[in-house]
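**Q** Show me how the following folds:
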Amino acid sequence: MSAAPIATVLVPTHDHGPLLTFAVRTALQQSVRDIEIFIVGDGMDDATRAVALELQRGDDRVRVFEHPKGPRHGELHRHAALQYARGRIVCYLCDDDLWFPEHVETLSTLLETADFAHVLPLRIEPDGSARAYLGHLAVEGVRERMQQLWNFIPLSCAAHTMALYRRLPCGWRTSPPDVWTDLYMFRQILAAPDCRAVSSSRLTALHFASPPRRDWTMERRIDELTVWSERLADRDRVRVLYEQVIDDAMRSFAARELGAIHAEDACRDAQARATALEIEVAAVREMLASAEARGDALAEQSRASDDEVARMRQTITWRMRDWLLRRRWLAATLRRLTRRGPAREGP
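**A** The predicted model follows:
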């Protein structure tokens, strides 16, 4: 190995024991031989420690950094190990993921003109199907969105230059409990104003997420990685896998586009209903305004009538009427005289 290897491969581990062998083996089988592999233990159990030390004895490119269990996922141990890194670039490999032989070569080429890069993020589901995380760092807004709780880049697909790492304000640090460890690091990298970040559609890594396999036995996990390790050696199977992934991505894209079209149609329908409702509301408002105007006119007429009655009450005739009505006997006499008619003349 030369004095300055092309890449430093950092492999964080805790308690995955035999799975570590599968992961590190794919690193040792890279087309780029000039690499150093740092196995960074975060409170390794006995089985994991035994595997790590065996790998170190088997290849002088492997170096084990053993630490007691640290906060969260031992991010500070990763930072400590990188102080010894001699590679031009730093690649990351989870202790239960697998690399294709051209993985480091691909990232090394990308990082000749960039500071941070990732290959096609491919997740292997527990049922054996594969799903690509869709995202691209060249799309406007993606880097900003990753400052929120959203990440499409598995650790095993990412790499950066060592020069960039040395420019960061902190490097690996303990992540908050509500932020994924990898995302917390990527946020710091992508927030650097001079960071040139690139995405690649090359398929060179397989990600086996641990949470959906938490209830699996170790034997079942070993069987899964055994099957996929054999598939990696068969280029025809790899080609078929890649075609399946692209087909799935195209289907997902088409479904989203169709969903967007349906959403636009629904939006237009809603806007049309809203416009019709606005017209109805305007008509009702016009009716209310007309009714209010009529009410005002009636109120004005009522006030005019009240004024007329008030004027009538002030006339001599009205006062005489009131004087007569208060003298009921006179009013009764007048009514009787009126009914009798005029008095007869003599014989």
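**Q** what's the strand or helix carrying residue 109 packed up against?
**A** Using DSSP states H and E, residue 109 sits in helix 103-110. Here helix 103-110 touches strand 7-13, strand 89-92, going by 3 or more C-beta pairs under 8 Å, 6 or more residues apart in numbering; DSSP states H and E. C-beta coordinates here come from the backbone N, C-alpha and C atoms, glycine included.
**Q** Need the ones you listed in a markdown table (columns: mean neighbour count and distance to residue 143).
**A** Converted to a markdown table, the helices and strands packed on helix 103-110 look like this (neighbours: other C-beta atoms under 10 Å; distance: least, C-beta to C-beta, whole Å):
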| stretch | mean neighbour count | distance to residue 143 |
| --- | --- | --- |
| strand 7-13 | 26 | 23 |
| strand 89-92 | 25 | 19 |
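**Q** May I see these organised as JSON lines, with mean pLDDT added?
**A** Formatted as JSON lines, these follow (pLDDT from 0 to 100):
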{"stretch": "strand 7-13", "mean pLDDT": "98"}
{"stretch": "strand 89-92", "mean pLDDT": "98"}
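**Q** As a markdown table, those strands with distance to residue 187 would be great.
**A** What follows is the helices and strands packed on helix 103-110, written out as a markdown table (distance: least, C-beta to C-beta, whole Å):
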| stretch | distance to residue 187 |
| --- | --- |
| strand 7-13 | 18 |
| strand 89-92 | 15 |
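**Q** Can you say which of those strands is nearest to residue 56?
**A** strand 7-13 (11.5 Å; C-beta to C-beta).
**Q** which strands and helices sit next to that closest one?
**A** If contacts are counted by 3+ C-beta pairs under 8 Å, 6+ apart, strand 7-13 sits against helix 19-28, strand 35-42, helix 75-82, strand 89-92, helix 103-110.
**Q** how about the helices in this structure?
**A** With DSSP state H as the criterion, the chain has helices at 19-28, 46-58, 75-82, 103-110, 142-145, 162-167, 181-191, 218-232, 235-313, 316-326, 328-340.
**Q** can you tell which of those helices is closest to residue 3?
**A** Closest to residue 3 of the helices of the chain is helix 162-167 (C-beta to C-beta; 14.4 Å).
**Q** re the thing from before, between the helices and strands packed on helix 103-110, which one is closest to residue 277.
**A** Closest among the helices and strands packed on helix 103-110, using C-beta to C-beta: strand 89-92, at 55.7 Å.
**Q** what's in contact with the closest one?
**A** Under the contact criterion C-beta atoms under 8 Å, 6 or more residues apart in numbering, strand 89-92 has outside partners 6-12, 82, 103-104, 107-108, 111, 155-156, 158-162, 165.
**Q** so how far is it off the chain centroid?
**A** Averaging C-alpha positions (C-alpha atoms, centre = their mean, to the nearest Å) puts strand 89-92 27 Å from its chain's average.
**Q** Can you list the strands that that strand pairs with?
**A** Paired neighbours of strand 89-92 in the sheet (DSSP bridges): strand 7-13 (parallel), strand 158-161 (antiparallel).
**Q** distance of the nearest residue to residue 8 once chain neighbours are set aside from residue 4?
**A** In this structure, residue 8 finds its nearest non-sequential neighbour in residue 87, 3.4 Å apart by C-beta to C-beta, 6 or more residues apart in numbering. Going from residue 87 to residue 4 by C-beta to C-beta, to the nearest Å gives 8 Å.
**Q** cool, and residue 288?
**A** 84 Å.
**Q** before we move on, the earlier item: quick one: which of the strands paired with strand 89-92 is nearest residue 215?
**A** Of all these, strand 7-13 comes closest under C-beta to C-beta, at 20.4 Å.
**Q** Other residues contacting that closest one?
**A** For strand 7-13, using C-beta under 8 Å, 6+ apart, the contacting residues are 20, 23-24, 27, 32, 34-42, 44, 48, 52, 73-74, 77-78, 81-82, 85-95, 104, 107-108, 159, 162.
**Q** Buried only: go through the residues you listed for me.
**A** If you count burial by 16 or more other C-beta atoms under 10 Å, the buried members of the contacts of strand 7-13 come out as 20, 23-24, 27, 32, 34-42, 44, 48, 52, 73-74, 77-78, 81-82, 85, 87-95, 104, 107-108, 159, 162.
**Q** Can you pull up the most central residue in this protein?
**A** The chain has residue 150 as the residue nearest its centroid, 5.4 Å off, counting by C-alpha atoms, centre = their mean.
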